[in-house]
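> make a model of this:
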Amino acid sequence: MKFTSRVLIALMMTSVSIIAQAAPTTQPRSVRIAVIGGMNETGFWDAISHRFEQTTGIQVNAVATGNKDGIAKVFKQGGIDLIVMHTSDTIVNLVADGYAIDAQPWVKNDFIIVGPPDDPAGIKGMTDAAQALKKIAKTKSTFVIHASLGAQEVLRNILEPNEIELDPDHTTALIDDHQRKVLKIAADKKAYTLIGRIPFLNGKLPNAGMVVMVKDDLRLRRPFMVAVANPAKMGDVHLGEARMLAAFLRSDSTQAWIGTFGKGKFDDQPLFFPITESTATTQPVSAILSVVGHVPHPLFLDADSLKKLPRHSLDVKGKDGKPAHYEGVFVADVLKQAGIPLADHQMTRANLPLYVRVAAADGYAAVFSISELDDDIAVHSILLADQKDGQPLSDRDGPLRLIAPQEMQQARWVRQVQSLTVVQSN
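Numbering: from 1, shown residues only. Modelled structure (predicted):
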């Protein structure tokens, strides 16, 4: 069945949307994903998908979006390569039942404690959730917790280590985890509750007169997981592309970007949080080179990461016959960082069928056999340059240009290099 435009189909009994598109006449590399609705609705997933597409040239197609139960149901039906949701029994069971593999945490969101405007426990403005809960317990203020296992786990992980016991006569545990209903019930009871920070602040959830009391405590954060479809059970899976996207989500440059995205939109915090706090920076870090494909360790390198590799230079003549002095890193050194055994007599017969596709921002590409890049075999080392005659490359050539000094025609001197994709020939 072909669609001439994007069509949104709501599944019965779930809150999930499936997006279908007309198949293009050519089939670019793509990865099909199911993503939790809240992440999609904030614009965060669109932004991170765009970064991945710009870095790798691989399209990200959102096939399903919605709540965790809904996207899990669609994922089991096949045709999806990767799924993103909160850590939960749902994603654990996808792995346990053989539908998914390689489940990993990659980002966090956070809860806040909200309450009635009169704030009977006197906790408004606190940033220590444990101390706030102690005051709620001491004043026997009403507290409501919804059925989400994630919310309950976050609460339990604060209560138990700090030996806090909420008054059972003033604590209500709901069997419903819909946050809209939770807020309404808490408001009716003039109670405190845990709620997602972003859906509360962005107006997706009517606040029912409730106000923010406590936020910015690291213990209120909860991780998201990413998992890849299991080809042994699911059949047609874009396994390589899915693993590349999973690696991209966990890469240092993406984690740093996560720590800055959305700051100032609702408050002074980003929309989501990196899994490792030390990777967050005050400025977004953009990868300028991806090393992907048939590699043990996919890389997404920024300019600073490239400069940490051994530096080399080449003196060559351009097409105009004028001498030029290029500086940069050898392609072989970049590939070694990705786990390809080059130089030092490490090349094996198993690696000889590999070749590297060098792709540019404008779509131009050139191919090198792996032996052309190995210093034990090749006559000349091939340079990935970021400077010419002591200056950064021009916008026309940079930020990276491949220099193959052995070639007179310079057909493979690729400008604006964006990616190195290692491929194994059949």
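> quick one, what contacts the residue positioned nearest the centre of the chain?
Computing the C-alpha centroid of the chain and ranking residues by Cα atoms, centre = their mean puts Leu249 first, at 2.7 Å. Residues near Leu249 by Cβ atoms under 8 Å, 6 or more residues apart in numbering: 48, 106-107, 226. Where you see a C-beta, it was placed from the backbone N, CA and C, and this is true even at glycine.
> quick check, it in a strand?
No - assigned with DSSP: H, G, I helix; E, B strand; the rest coil, Leu249 falls outside any strand and is helix.
> confidence score at it?
On pLDDT, Leu249 comes in at 90.
> and what of Ile198?
pLDDT, read off for Ile198, is 91.
> same question, Thr4
pLDDT at Thr4 comes out at 32.
> what ranges does the stretch 201-350 of the chain have for its strands?
211-214, 221-229, 273-274, 289-293, 299-301, 312-317, 323-330 (DSSP state E, counting those that start in this stretch).
> could I get these as CSV with mean neighbour count, distance to Arg396 and mean pLDDT?
Formatted as CSV, the strands of the stretch 201-350 of the chain follow (neighbours: other Cβ atoms under 10 Å; distance: least, Cβ to Cβ, whole Å; pLDDT from 0 to 100):
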stretch, mean neighbour count, distance to Arg396, mean pLDDT
strand 211-214, 19, 50, 96
strand 221-229, 22, 37, 93
strand 273-274, 21, 35, 93
strand 289-293, 23, 18, 84
strand 299-301, 24, 22, 81
strand 312-317, 14, 17, 90
strand 323-330, 18, 14, 94
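> with distance to Asp188 added, can I get these in TSV?
Formatted as TSV, these follow (distance: least, Cβ to Cβ, whole Å):
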stretch	distance to Asp188
strand 211-214	16
strand 221-229	26
strand 273-274	32
strand 289-293	52
strand 299-301	49
strand 312-317	70
strand 323-330	63
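> which stretch among those comes nearest Thr254?
strand 299-301 (7.0 Å; Cβ to Cβ).
> any idea how far the closest one is from the chain center?
Computed by Cα atoms, centre = their mean, to the nearest Å, the separation of strand 299-301 from the middle of its chain amounts to 13 Å.
> please enumerate residues in contact with it?
Contacts for strand 299-301 (Cβ under 8 Å, 6+ apart): 55, 247-248, 251-254, 287-292, 334, 337-338.
> and those, which two are furthest apart?
It's Thr254 and Val334 that sit farthest apart of the contacts of strand 299-301, by Cβ to Cβ, at 18.6 Å.
> distance check, Val291 against Val92.
32 Å (Cβ to Cβ, to the nearest Å).
> do a quick rundown of the helices in the stretch 251-400 of the chain.
In chain order, the stretch 251-400 of the chain shows helices spanning 252-258, 303-307, 331-337, with DSSP state H, counting those that start in this stretch as the criterion.
> ok, and for the shortest one, which residues are buried?
With burial defined by 16 or more other Cβ atoms under 10 Å, the residues of helix 303-307 counted as buried are 305-306.
> for stretch 43-62, same thing?
Going by 16+ other Cβ under 10 Å, stretch 43-62 has these buried residues: 44-45, 48-49, 51-52, 55-60, 62.
> what's near enough to touch Asp128?
Counted by Cβ under 8 Å, 6+ apart, Asp128 has contacts 214, 217.
> nope, Gly363 is what I was after
Applying Cβ under 8 Å, 6+ apart, no residues contact Gly363.
> tell me the pLDDT at it?
So Gly363 comes in at 78 (pLDDT).
> the one 5 residues further on now?
Note on Phe368: pLDDT of 91.
> neighbours of it, how many?
The local packing of Phe368 (other Cβ atoms under 10 Å) involves 19 other residues.
> can you tell me which residues contact it?
Neighbours of Phe368 in contact, by Cβ under 8 Å, 6+ apart: 331, 355-356, 358, 382, 404, 412.
> how does it look with 10 Å?
331, 354-358, 378, 382, 402, 404, 412, 420 (Cβ atoms under 10 Å, 6 or more residues apart in numbering).
> ok, those residues vs Lys140, which is closest?
Leu420 (62.9 Å).
> from Gln255, how far off is that closest one?
Leu420 is 22 Å from Gln255, by Cβ to Cβ.
> with neighbour numbers in mind, choose between those two.
Just comparing Leu420 and Gln255: by other Cβ under 10 Å the higher neighbour count belongs to Leu420, 26 against 22.
> need the three-state assignment for Asn162.
Taking three-state DSSP, the label given to Asn162 is coil.
> tally of neighbours for Gly240?
By other Cβ under 10 Å, neighbour count at Gly240 equals 18.
> buried residues, the top strand by length along the chain. List them.
Secondary structure assigned by DSSP state E gives strand 100-115 as the longest strand of the chain. Neighbour-count burial for strand 100-115, with 16+ other Cβ under 10 Å as criterion, is recorded at 100-103, 106-115.
> thank you kindly, that will do.
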